[in-house]
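In: For reference, the sequence and a predicted model appear below.
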Amino acid sequence: MRCAECRDALTSYVDGELMPEEAETMRDHLASCAACAAEHEMLQSLSRRLREGLARPRAPDVLKARIRSALSQSTGVLADVTTPGRPWTGLLVAGALIAVVSGGASFAVARREASRPAIAEQVLSSHLRSLMPGHLTLVPRLDSAGFPLAGGRLDYVGGRTVATVVYVRRQHVINVFSWPTEDRTAHTPVTSIEKGYHVVHWSDGGVELWVASDLNARELEQFVTLYRRE
Amino acid sequence: MAHREVESFERLVLPHLDDAYALACHLLRDEHDAQDVVQEAVLRALRYFDGFRDGDARAWLLAIVRNCCYTWQRRYRTDGLSVSYADAETSSQLRGTDTDAGAIRSSDSAVIDRAVASLPPEFREVIVLRELQELSYREISQITGVPMGTVMSRLARARKRLASSLGLLIEEAS
């Protein structure tokens, strides 16, 4: 093998892309040519430096949350609620949303079987209840306070479907879970720590709320205060 | 889209979000743009998921991310892809601001990032796909849409430039 041939194939050799017999010829040449061996050594150490040194940024939680929110939209559930890249602008009718969605999952089935009047009745009664004074739950817009809205989704907590509203603070995701409760008494927020995450819990006139985030306690409590004020 | 399809998409494609984001960061040199582009690419991937049967979901996603990056550049940037972003500010931005992300790396990293950032885009992408994502020539060829021979020659030229900017170049005896 001549040096010119060797240099042409050296990149492929370093990347392990040569055929076995070509690699064999290459090894023989490198063993006998100091100049080519030095070039080979240089390429290998460059490759090592790149692998160790190149920035390997990981997708931030905020991006993952945005993508999951957009994907949940694509299943047809929450179709009009979230739009990728644009914050959620409408109202969220918490009680009605939960009822509509638990009904929504059964919708196709009900149509096929034509025998699910119970669900339809529940949906309708939830809808009517939501229209009564005091039953509209607004989703607070806290963008100006530095807590932009990232989206919303449905989740399961304690065996029930709950509405989840997602806010962000820098790289931190804040999930607000809420569902209707029979207990009409208000409980003030209590912060606890679970596995290194902050969890805040309170209830407000028939709605139970839980907030979870890896944001620090001070800013999370500030968030809760703003959320409850809105 | 059916729930089962979305679930299958999530299982196959979402594990590669970190790789997708890293590629977008290196191609766009801006983490906010990279987030927008990766989100757009994933939604586009979902739309074309019907056409994806078997094969490597990671290479498939990366190809879509790459195309979205270039479309994004054409749409929003007048400076185009040929501009090199070699300033330290961009480099530290790329590195991310999370202190708990295990991002403590050697001081060599800043030098490496600057050198790679100043490569022309067609060289930068093969270096990132090869050295960071550790893809084969065949996979890189599929992602970039150029023949394997071109992948090889771009890698060779990219490394020559890097060796030169990192002060590794050996003087040719000729």
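Out: Sure, I can see it.
In: what about the residue sitting nearest the centre point of chain A, is that helix, strand or coil?
Out: Centroid-nearest residue in chain A: A:Ala65, 1.6 Å away (criterion: Cα atoms, centre = their mean). What DSSP: H, G, I helix; E, B strand; the rest coil gives for A:Ala65 is helix.
In: Please report how far the nearest residue to A:Phe223 once chain neighbours are set aside lies from A:Arg169.
Out: Nearest non-adjacent residue to A:Phe223, counting by Cβ to Cβ, 6 or more residues apart in numbering or on different chains: A:Phe147, 5.5 Å away. Yep, even glycine has a C-beta here, placed from its N, CA and C like the rest. For A:Phe147, the distance to A:Arg169 equals 6 Å [Cβ to Cβ, to the nearest Å].
In: joint contacts of these two?
Out: Both A:Phe147 and A:Arg169 are contacted by A:Phe223, under the criterion Cβ atoms under 8 Å, 6 or more residues apart in numbering or on different chains.
In: Give me the next element, helix or strand, following the worst-scoring helix or strand of chain B on mean pLDDT.
Out: Lowest by mean pLDDT, DSSP states H and E among the helices and strands of chain B is helix B:88-95, with a mean of 43. Downstream of helix B:88-95, the first helix or strand assigned by DSSP states H and E is helix B:108-117.
In: pretty sure B:Glu139 contacts B:Leu61?
Out: No: when contacts are counted by Cβ atoms under 8 Å, B:Glu139 is not listed as touching B:Leu61 (11.9 Å).
In: more crowded one of the two?
Out: Neighbours were counted for B:Glu139 and for B:Leu61 using other Cβ atoms under 10 Å in any protein chain shown; B:Leu61 has more, 26 against 20.
In: residue contacts, that one?
Out: B:Leu61 makes contact with B:Val13, B:His16, B:Asp19, B:Ala20, B:Ala41, B:Val42, B:Ala45, according to Cβ under 8 Å, 6+ apart.
In: ok, and the closest non-adjacent residue to it?
Out: The shortest distance from B:Leu61 to any non-neighbouring residue, by Cβ to Cβ, 6+ apart, is to B:His16 (5.1 Å).
In: Stretch B:108-128: how far from the chain's middle?
Out: How far stretch B:108-128 lies from its chain's middle: 10 Å, per Cα atoms, centre = their mean, to the nearest Å.
In: Check stretch A:190-209 too.
Out: When distances are taken as Cα atoms, centre = their mean, stretch A:190-209 is centred 20 Å away from the chain's centroid.
In: Is that stretch in proximity to chain B?
Out: No: figure legend: stretch A:190-209 not in contact with chain B (Cβ under 8 Å from any Cβ of the partner chain); closest approach 10.5 Å.
In: Could you list the low-pLDDT ranges of the chain?
Out: This is for chain A. A:75-138 (pLDDT under 70).
In: Can you look at chain B instead?
Out: Applying pLDDT under 70 to chain B flags residues B:1, B:77-106, B:170-174.
In: returning to what we had before: so which of the contacts of B:Leu61 is the closest to chain A?
Out: Nearest to chain A, judged by Cβ to the nearest Cβ, of the contacts of B:Leu61 is B:Val42 at 5.3 Å.
In: Would you mind naming what in chain A lies close to chain B?
Out: Proximity of chain A to chain B (Cβ under 8 Å from any Cβ) is limited to residues A:10-12, A:15, A:17, A:35, A:38-39, A:42-43, A:45-47, A:49-60, A:62-64, A:66-67, A:70-71, A:74-76, A:84-85, A:170-171.
In: Which of those residues are buried, as a ChimeraX select command?
Out: What follows is the ChimeraX syntax selecting those of the residues of chain A next to chain B that are buried according to 16 or more other Cβ atoms under 10 Å in any protein chain shown:
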select /A:10,11,12,15,17,39,42,43,46,47,49,50,53,54,55,56,57,58,59,60,62,63,64,66,67,70,71,74,84,171
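In: how close does the closest residue in space to A:Arg141 that isn't next to it in sequence get to chain B?
Out: In space, and not counting its chain neighbours, A:Arg141 is closest to A:Leu149: 6.5 Å by Cβ to Cβ, 6+ apart. Distance, A:Leu149 to chain B, using Cβ to the nearest Cβ, to the nearest Å: 16 Å.
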